[in-house]
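Student: got a structure for you, letters missing:
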Ligand code: HEM
């Protein structure tokens, strides 16, 4: 009944409106000529349409704002149940916290409020920190998205791509294909490459030394870059004349990437931004160049291989099946095509994934190598024991050009321990963009909140790592062979092998300890972990076999890395020297 009345009312209103229009048009037609009349009619119509548009926009904006306000209220009411300090002002705690002291602030808060703590960084920005390993594990499995800032930094620098994007849905497939390539064929090749890579690195290191400016950070960066480049692009990379320019560009971009991504509206009006974009474009051209070179070499070797194969068949010889006849050329092309560049959507930048992996891989691997070098030069006895282990393992090996790093337990344990105490990346960050995250403890973290793990606190927690948690002790990852039955239960990785390089020692899997987090964990964990540990260990096996690494006398880094209450710090990068073993 009511609806009939409403329908009738609206019909009357519409009829009235039309009638009034007609009436007014009638009066007008008596006074004005027909042209003026149609002009007025048009103007009325435009005004009416414009008003309608304004109303619709106003309603849409109000709805959006209301939605946002509703979300904020919902977040505030949900966050009330999470322990944490009260908000000091409308702006939250953001003014009180700098990037450097956040870990210290979180350390104090965890002591006061427990394993889960909230902190308002602004009226709409909620940060939730966790320091209990089991809770962290659960959160890293459930919260699948990365912070939008991370995705924006990669997008701005390398264009749209399907890796390092905030949403898990968008990266899932690419992560899987890259992991298959990295942990499959590339790991198989890892033992073969580093001999050549060491030569290439040492050539550059000698150049640095001759120029007189030479510190640990520079070597680490160059080692990481060469290791990653040669593994991804094969031998072509080692002979590529533009490699140095590529390395410099990557590092220049790394310096500014987060700064430009921190603008919520891309600052097209800033000159500096365009300079930055120019660097990114240069990097894109260089990436295209190396990919093209790889493809050219691939085709050339494929052609050569076919001819060789035909010759062998004609001569009645069988080519050894599975022999890497053109190692380092055939496979990289496959990596690009399948792991990184297969099934690209039309919107994706063709080299975006390659640049992203080179960028992330170089920065993180530089950190690991830097830490490892500092540990080795500040622990010369450990270095000698690793050297003895390398020689012992090499003597038992048939293939002279391959490193059997799987058997070099002390070396691998040293890489794990250096990764555990990595000073870089103090916070592991996650969020869930669409859904709330409910944890087993009963706490629900609202969608959009930033969830962080203060990695340095977790990695130095006595309850996970023992009394010496803050000390550098690779032996924690080694256990005595006879204690094998204990080892199964010993998931904390508090190893007990005393004799380094002892073949009877067992290497514990660092991932057995949920507090081992340098590569993250869960749904967005690093897919390069296995590959990078194997690669860095193989590189160091080759390097230490030929060179002893020492601190330059009088270098500022002669004392050991230190802890200031909660933050582990490496002292300024020390100057180091490589001394040939047989000289
Ligand atoms: C020492 C070296 C490295 C360290 C310390 C490191 C660390 C990390 C960390 C902490 C994450 C985020 C994990 C999380 O949120 O749970 C990550 C993600 C990732 N890393 Fe690494 N990484 C290293 C080397 C590499 C290398 C060499 C590659 C590839 C060749 C690689 C590929 C990736 C990818 C593809 C992701 C995930 C991206 C995503 O899901 O959006 N990483 N890495």
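Tutor: Yep, that arrived. Please read all numbers here as calculations on a predicted model, not as lab measurements. Residues are numbered from 1 along each chain as shown.
Student: contacts and neighbour counts: CA atoms only from here.
Tutor: OK.
Student: Quick test: name the residue nearest the centre of this protein.
Tutor: Centroid check for the chain by C-alpha atoms, centre = their mean gives residue 360 as the closest residue, at 5.2 Å.
Student: and that one, what helix or strand is that in?
Tutor: Assigned by DSSP states H and E, residue 360 belongs to helix 352-378.
Student: That helix near the ligand anywhere?
Tutor: Yes - judged by C-alpha under 6 Å from any ligand atom, helix 352-378 and the ligand are in contact via 357, 361, 364-365, 368.
Student: Can you tell me the element the residue of the stretch 1-150 of the chain found nearest the ligand falls in?
Tutor: As assessed by C-alpha to the nearest ligand atom, the ligand sits closest to residue 140 within the stretch 1-150 of the chain, at 6.5 Å. Taking DSSP H and E as the criterion, residue 140 maps to helix 133-142.
Student: what comes up buried for that helix?
Tutor: Applying a neighbour-count criterion of 16 or more other C-alpha atoms under 10 Å, one finds 133, 135-140, 142 buried in helix 133-142.
Student: go on, stretch 257-267?
Tutor: So for stretch 257-267, counting by 16+ other C-alpha under 10 Å, buried means 257-258, 260-261.
Student: So what's the model's average confidence on it?
Tutor: In this model, stretch 257-267 has a mean pLDDT of 89.
Student: can you check stretch 382-390 too?
Tutor: For stretch 382-390, the mean per-residue pLDDT is 95.
Student: Check stretch 525-534 too.
Tutor: Mean predicted lDDT for stretch 525-534 stands at 92.
Student: what does that stretch contact?
Tutor: Residues from elsewhere that reach stretch 525-534 (C-alpha atoms under 8 Å, 6 or more residues apart in numbering): 175, 178-179, 182-183, 186-187, 190, 365, 405, 412, 415-416, 519-520.
Student: all helices for the stretch 401-550 of the chain, in order.
Tutor: 409-420, 455-459, 462-465, 484-489, 529-546 (DSSP state H, counting those that start in this stretch).
Student: Among the ones you listed, which comes closest to the ligand?
Tutor: Nearest to the ligand among these is helix 529-546; the distance by C-alpha to the nearest ligand atom comes to 5.1 Å.
Student: ok, now how distant is residue 460 from residue 472?
Tutor: Per C-alpha to C-alpha, to the nearest Å, residue 460 is found 10 Å from residue 472.
Student: okay, the two: which has more neighbours?
Tutor: The residue with more neighbours, out of residue 460 and residue 472, is residue 460; 23 against 17, by other C-alpha atoms under 10 Å.
Student: And that one, its phi and psi?
Tutor: phi -110, psi 20 (degrees, to the nearest 10).
Student: next one: residue 242
Tutor: According to degrees, to the nearest 10, residue 242 has phi -100, psi 10.
Student: And it, how far from residue 249?
Tutor: 11 Å.
Student: ok, now residue 52?
Tutor: With C-alpha to C-alpha as the criterion, residue 52 and residue 249 are 52 Å apart.
Student: Neighbour count: the two, which is higher?
Tutor: Counted by other C-alpha under 10 Å, residue 52 and residue 249 do not tie: residue 249 has more neighbours, with 16 against 12.
Student: Now do the helix or strand containing that one against helix 352-378, angle only.
Tutor: Taking DSSP H and E as the criterion, residue 249 maps to helix 243-261. Relative orientation of helix 243-261 versus helix 352-378 (axes from the mean of the first three to the mean of the last three C-alpha atoms, to 10 degrees): 100 degrees.
Student: what sits up against helix 243-261?
Tutor: 149-150, 152-154, 156-157, 222, 225, 237, 266-267, 273, 276, 279-280, 282-283, 286, 359.
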